[in-house]
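Asker: what follows is a predicted structure for the sequence shown.
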2 protein chains.
Amino acid sequence: MIPERRYSVVVVAGGQGLRAGGSLPKQFQRIAGEPMLMHTLRAFYAYDYRMRIVLVIPEGYCSLWKALCDECRFTVPHTVVHGGEMRFHSVQNGLREISDEETVGIHDGARPFVTPTLIGRCFDTSFELGVGIIPVVDEVNTVRVLTETGSRMVDRSRLKIVQTPQVFPAEALKRAYEVEYDPTFTDDASVAERSGMTVRLVEGEETNMKITTSFDLAVAEHRLAAMQK
Amino acid sequence: MIPERRYSVVVVAGGQGLRAGGSLPKQFQRIAGEPMLMHTLRAFYAYDYRMRIVLVIPEGYCSLWKALCDECRFTVPHTVVHGGEMRFHSVQNGLREISDEETVGIHDGARPFVTPTLIGRCFDTSFELGVGIIPVVDEVNTVRVLTETGSRMVDRSRLKIVQTPQVFPAEALKRAYEVEYDPTFTDDASVAERSGMTVRLVEGEETNMKITTSFDLAVAEHRLAAMQK
């Protein structure tokens, strides 16, 4: 018997995102008329309308989010959860909504250009192999590493830039997140590996950019306009 | 007696730059109505009109470049040199125009947003310390390195992304470039270090982006429009 696939995603947008400027955290700022988060959530809904979506936003912004959803007639079903102090704590809060038997993705709210193709690649591979899956792209820059005496070059052909969604068997990820916070946890794979979980790489997408600054927001606006032409 | 400062820059645009699409190599494509290279050259001229500028473009494009300069009434003085097979060979060709006693910068033609501030920081520091200077910015992404068995996380707080202009005492750089081409030479610092030269880092600029794809070109157009408002 083929096991039923139960997919869910935690979209992490629990930070104040103040680097982007503006009066609102960046995840609520608009791209092509709609808050960035709506574009992100819609990508997962478009991949599979049965995927359960848990959205983590900062405490104090829930009524704003509800008002935005009403205004934009945003109908993608999702559960709202409060963010924590760091991204790590926001993910912990989101994972409380997830059942052990699911395959769960963790995705940055600030990556609205994720495609259903990439979502499928990450979830399918995690489901099939039963391990953590993270999408990566090539490092195209020249990179140096700081040393005690200065710096030295790094062979960039061996470097990969990490994106999201990072997808895991939920039970294992939840167990991994029972650890104490450590500042070296910059993504979910780093937490998963600390617990001994195997993590495999799949090909990400160059277009799956993370929006951090006000310039990134302007770029995103430009890109979306081009896509909708 | 204060030694006279003699500054020069080799602007490297010797490739076919076909990743950006379009019928022309990207360095000739327009941003805000003018070929990208004109923006780049103008930045160095704006820093110091006495700086000697050597421009390396692919063989076969010299008459096109001359026609573009006429059309745009582009009056920044510069010498044109033919590019070689790889960036390495293009820099070699450019360096033949440079005298030993100069302080020489090597700059990517595809970085038109370099500012006079950054140019000054690189040239002044190289002149004062008599070593190679390269501008770098922080790595903001999560990065992994491929290993024999898979991949592992890298401490990104120790990683720096390398930009240009990279600035050197000309005699030492010219001697360094007498070496055979090696595919690990992804920038000028890597060539300089092979010869034993010391290389120091200075702070680069986040806005000093390299234009590689057609999307980057659209972003550049957007940025320049915003800057000119």
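Answerer: Thanks, I have it.
Asker: run a quick neighbour tally on the residue lying closest to A:P77 once chain neighbours are set aside.
Answerer: Sequence neighbours aside, A:I53 is the residue nearest to A:P77 in space, at 6.9 Å (criterion: Cβ to Cβ, 6 or more residues apart in numbering or on different chains). Glycine gets a C-beta too; all of them are placed from N, C-alpha and C. Applying other Cβ atoms under 10 Å in any protein chain shown, we find 22 residues neighbouring A:I53.
Asker: name the helix or strand for A:I53, please.
Answerer: Using DSSP states H and E, the element containing A:I53 is strand A:52-57.
Asker: next SSE downstream of that strand?
Answerer: Next element after strand A:52-57 (DSSP H and E): helix A:62-71.
Asker: sorry, back to before: listing partners with orientation, what would you give for the strand holding A:I53?
Answerer: strand A:7-12 (parallel), strand A:79-82 (parallel) (DSSP bridges).
Asker: beta partners for the residue nearest to A:P77?
Answerer: Under the criterion used (DSSP bridges), A:I53 bridges to A:V9.
Asker: right, and it touches A:V12 too?
Answerer: No: using Cβ atoms under 8 Å, A:I53 is not in contact with A:V12, being 11.9 Å away.
Asker: between those two, what contacts are shared?
Answerer: Common contact partners of A:I53 and A:V12 (Cβ atoms under 8 Å, 6 or more residues apart in numbering or on different chains): none.
Asker: low-confidence ranges in chain A?
Answerer: For chain A, residues meeting the criterion pLDDT under 70 lie at A:1-3, A:17-22, A:228-229.
Asker: how close does the residue of chain A positioned farthest from its centre get to B:V199?
Answerer: Distance from the C-alpha centroid of chain A, by Cα atoms, centre = their mean, peaks at A:T149 (36.4 Å). According to Cβ to Cβ, to the nearest Å, A:T149 and B:V199 sit 12 Å apart.
Asker: now swap in A:L55 and tell me
Answerer: Taken as Cβ to Cβ, the span from A:L55 to B:V199 is 46 Å.
Asker: so which helix or strand takes in the residue nearest the centre of chain A?
Answerer: Nearest to the geometric centre of chain A sits A:H107, at 1.7 Å (Cα atoms, centre = their mean). Assessed by DSSP H and E, A:H107 sits inside strand A:103-108.
Asker: and A:L95, what does it touch?
Answerer: A:L95 touches A:10, A:104, A:170, A:173-174, A:177, counting by Cβ under 8 Å, 6+ apart.
Asker: who wins for most neighbours among those residues?
Answerer: A:V104 (31 neighbours).
Asker: wait, doesn't that residue sit right on A:V10?
Answerer: Yes: the criterion here is Cβ under 8 Å, and A:V104 meets it with A:V10 at 6.5 Å.
Asker: what lies in contact with the helix or strand that A:R144 is a member of?
Answerer: Assigned by DSSP H and E, A:R144 belongs to strand A:143-146. Applying Cβ under 8 Å, 6+ apart, the external contacts of strand A:143-146 come out as A:151-154, A:156, A:159, B:134, B:136, B:139, B:158-162, B:189, B:201.
Asker: and these, which of them are buried?
Answerer: A:151, A:153-154, A:156, A:159, B:134, B:136, B:139, B:159-162, B:189, B:201 (16 or more other Cβ atoms under 10 Å in any protein chain shown).
Asker: out of those residues, flag the one nearest to B:D216.
Answerer: B:I161 (15.2 Å; Cβ to Cβ).
Asker: chain neighbours aside, what residue packs nearest to the closest one?
Answerer: In space, B:I161 is closest to A:N141, 4.7 Å off (Cβ to Cβ, 6+ apart).
Asker: the one you found falls within a strand, correct?
Answerer: No: assessed with DSSP: H, G, I helix; E, B strand; the rest coil, A:N141 is coil; it does not lie in a strand.
Asker: can you report how many residues lie near it?
Answerer: 20.
Asker: then A:E97?
Answerer: 17.
Asker: wait, it touches A:H82, no?
Answerer: No: with contact defined as Cβ under 8 Å, A:E97 does not reach A:H82; the gap is 11.4 Å.
Asker: so what's the spatially closest residue to A:L159 that is not a sequence neighbour up against?
Answerer: Leaving aside its sequence neighbours, A:L159 sits nearest to A:E139 (Cβ to Cβ, 6+ apart; 3.9 Å). Contacts for A:E139 (Cβ under 8 Å, 6+ apart) come out as A:156, A:159-161, B:143.
Asker: starting at the chain centroid, how far to stretch A:26-38?
Answerer: In terms of Cα atoms, centre = their mean, to the nearest Å, the centre of stretch A:26-38 is set 15 Å apart from its chain centre.
Asker: residues in contact with it?
Answerer: Counting by Cβ under 8 Å, 6+ apart, A:11, A:13, A:15, A:17-20, A:22, A:39, A:55, A:57, A:61, A:64-65, A:68-69, A:72, A:74, A:76, A:109-110, A:112, A:211-212, A:217, A:220-221, A:224-225, A:228 sit against stretch A:26-38.
Asker: what about the helices in chain A?
Answerer: Ranges of helices in chain A, per DSSP state H, are A:36-47, A:62-71, A:87-95, A:116-129, A:170-176, A:188-194, A:214-228.
Asker: need the winner for burial among those.
Answerer: helix A:188-194 (a mean of 23; mean count of other Cβ atoms under 10 Å in any protein chain shown).
Asker: ok, it near chain B or not?
Answerer: Yes: residues of helix A:188-194 are located near chain B by Cβ under 8 Å from any Cβ of the partner chain, namely A:189-190, A:193.
Asker: give me the neighbour count for the spatially closest residue to A:F168 that is not a sequence neighbour.
Answerer: What sits nearest to A:F168 in space, not counting adjacent residues and going by Cβ to Cβ, 6+ apart, is A:G132, at 4.5 Å. Neighbour count for A:G132, taken as other Cβ under 10 Å: 25.
Asker: contacts only, for A:G132.
Answerer: Residues in contact with A:G132, defined by Cβ under 8 Å, 6+ apart, are A:126, A:166-169, A:172-173, A:188-189, A:192-193, A:197-200.
Asker: one more: A:T147?
Answerer: No residues are in contact with A:T147 under the rule Cβ under 8 Å, 6+ apart.
Asker: for A:F215, same thing?
Answerer: So A:F215 contacts B:207, B:223 (Cβ under 8 Å, 6+ apart).
Asker: now do it against A:T115, distance only.
Answerer: Distance from A:F215 to A:T115, by Cβ to Cβ: 23 Å.
Asker: same deal with A:E4?
Answerer: Distance from A:E4 to A:T115, by Cβ to Cβ: 25 Å.
Asker: so between the two, which is more surrounded?
Answerer: Remark: of A:E4 and A:T115, A:T115 carries more neighbours, 14 against 6, as counted by other Cβ under 10 Å.
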